[in-house]
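Student: from the sequence below, what's the structure:
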Amino acid sequence: MNKGRNSKAVSYNKWGYIFLIPFILTYCVFSLIPLINTIYNSFFECYRAGLTQIGPNFVGLANFKEIFLTPDIWIYLKNTMIMWVLGFIPQIAISLLLASWFADNRLRLKGSTVYKTIIYLPNLIMASAFAMLFFTLFSDGGPINDILIKIGIIAKPYRFLSHVWSSRLLIAAMNTLMWFGNTTILLMAGMMGIDGSIFEAAEVDGATPNEVFYKITLPLLKPILIYVAITSLIGGLQMFDVPQVLTGATGDPARSTLTLIMYLNKHLYSKNLGIGGAISVFMFIITGILSLIVFKMSADD
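Tutor: So this is what the prediction gives:
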């Protein structure tokens, strides 16, 4: 009997591995091979000077020394992290609030399906289109300045895109608006997966709504919150299209909105594959380190 059961299990496992083949092939072709190729290119000098192709010539760690010895990459990493934090904090706060409302059966919100659809819609809009919309709204002669002048808050147009923090806040606001709907859906799914008897027991014990949220809901949501934080961090480090379109690829004012991917794109545009590969490897390592830090900080005590 045991032999029959074991052979049946092996048979089912075989089909599981067969169904994994398309994913494994896709991962190897579109992720693993490009990753290995990028690491390989990072050890070579390979760029174009006018019409002349230089390299590829093996230079070892020279490309890494070049990017680490210049302050640019650290400035752009700081810009990227600042704009990610400015966008992530309100995103997670709004998403937690909305998810707790939608997941609470006691509120009996009418039309909740419509609201969920509406808050998710910005996620479907192309980031470049979103950036063009904000560029038009917050330009010197845009409707936002017109409204502020008419109600007497400012006397002359405020140049949102010419000041460091207003530019960063606009980019952060766009990222928040684009992604809070997706985060809300994830958190709501996590909340609805919590056993309702736990909340009922807390109510019987006299726990207040705030105590239920902070001592029951948040701890049980920790795996989802870790997932959201890590995926958001990865997306933040890959921030490109919004600042690229909003600032016209300049990263102005004073390169304060120029991100790591924009810096990488400049080298790839100039066909400097060696430096581009080194920057990519640096971003890969930074992403892994920061994700590990987030995971460790959010892990159970």
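Student: element containing residue 54?
Tutor: Secondary structure assignment for residue 54, by DSSP states H and E: strand 52-58.
Student: which strands and helices lie in contact with that strand?
Tutor: strand 44-49, helix 273-298 (3 or more Cβ pairs under 8 Å, 6 or more residues apart in numbering; DSSP states H and E). C-beta: built from backbone N, CA, C; applies to glycine.
Student: closest one to residue 199 among these?
Tutor: Counting by Cβ to Cβ, residue 199 lies closest to helix 273-298 out of these; the figure is 22.6 Å.
Student: surely residue 213 meets residue 97?
Tutor: No - counting by Cβ atoms under 8 Å, residue 97 is not a contact partner of residue 213; they are 10.1 Å apart.
Student: save the helices and strands packed on strand 52-58 as a markdown table, and put in mean neighbour count, distance to residue 164 and mean pLDDT too.
Tutor: Formatted as a markdown table, the entries for those read as follows, by neighbours: other Cβ atoms under 10 Å; distance: least, Cβ to Cβ, whole Å; pLDDT from 0 to 100:
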| stretch | mean neighbour count | distance to residue 164 | mean pLDDT |
| --- | --- | --- | --- |
| strand 44-49 | 16 | 32 | 85 |
| helix 273-298 | 17 | 23 | 88 |
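Student: buried set for the helix or strand residue 226 falls within?
Tutor: With the criterion set as DSSP H and E, the secondary-structure element containing residue 226 is helix 222-237. Of the residues in helix 222-237, those buried by neighbour count under the rule 16 or more other Cβ atoms under 10 Å are 224-226, 228-230, 232-233, 236-237.
Student: could you export these as CSV, including distance to residue 205?
Tutor: As requested, the buried residues of helix 222-237 are arranged in CSV below (distance: Cβ to Cβ, whole Å):
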residue, distance to residue 205
224, 25
225, 25
226, 28
228, 29
229, 31
230, 34
232, 35
233, 37
236, 40
237, 43
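Student: can you name the element that comes right after the helix holding residue 226?
Tutor: Sequence-wise, the next helix or strand downstream of helix 222-237 (DSSP H and E) is helix 241-246.
Student: for that next one, name the packing helices and strands.
Tutor: On a contact count with 3+ Cβ pairs under 8 Å, 6+ apart, helix 241-246 meets helix 127-137, helix 164-192, helix 260-269.
Student: buried set for the longest one?
Tutor: Going by neighbour count (16+ other Cβ under 10 Å), the buried part of helix 164-192 is 167-168, 170-188, 190-191.
Student: please apply the same query to the first one.
Tutor: By neighbour count, and taking 16+ other Cβ under 10 Å as the criterion, the buried residues in helix 127-137 are 127, 130-131, 134-135.
Student: centroid residue for this protein?
Tutor: In the chain, the C-alpha closest to the average C-alpha coordinate belongs to residue 235, at a distance of 2.3 Å (Cα atoms, centre = their mean).
Student: longest helix in the protein, please.
Tutor: Residue-count comparison of every helix in the chain, with assignments taken from DSSP state H, identifies helix 72-103 as the longest.
Student: let's have the helices and strands packed on helix 241-246 in TSV, adding distance to residue 119 and mean pLDDT.
Tutor: Rendered in TSV, the data for the helices and strands packed on helix 241-246 read as follows (distance: least, Cβ to Cβ, whole Å; pLDDT from 0 to 100):
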stretch	distance to residue 119	mean pLDDT
helix 127-137	15	90
helix 164-192	4	92
helix 260-269	27	87
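Student: coming back round to it: now, which of the buried residues of helix 127-137 sits nearest residue 285?
Tutor: Using Cβ to Cβ, residue 127 comes nearest to residue 285 of the buried residues of helix 127-137, at 25.6 Å.
Student: how about the closest one, nearest residue that isn't a chain neighbour?
Tutor: Excluding its sequence neighbours, the residue lying closest to residue 127 (Cβ to Cβ, 6 or more residues apart in numbering) is residue 241, at 4.2 Å.
Student: quick check: the one you found touching residue 132?
Tutor: No - Residue 241 sits out of contact with residue 132 when judged by Cβ under 8 Å, with a separation of 10.7 Å.
Student: just give the nearest non-adjacent residue to residue 223, would you?
Tutor: Nearest non-adjacent residue to residue 223 (Cβ to Cβ, 6+ apart): residue 190, at 7.6 Å.
Student: wait, isn't the one you found in contact with residue 219?
Tutor: No - look at residue 190 against residue 219 with Cβ under 8 Å: they stay out of range, at 11.6 Å.
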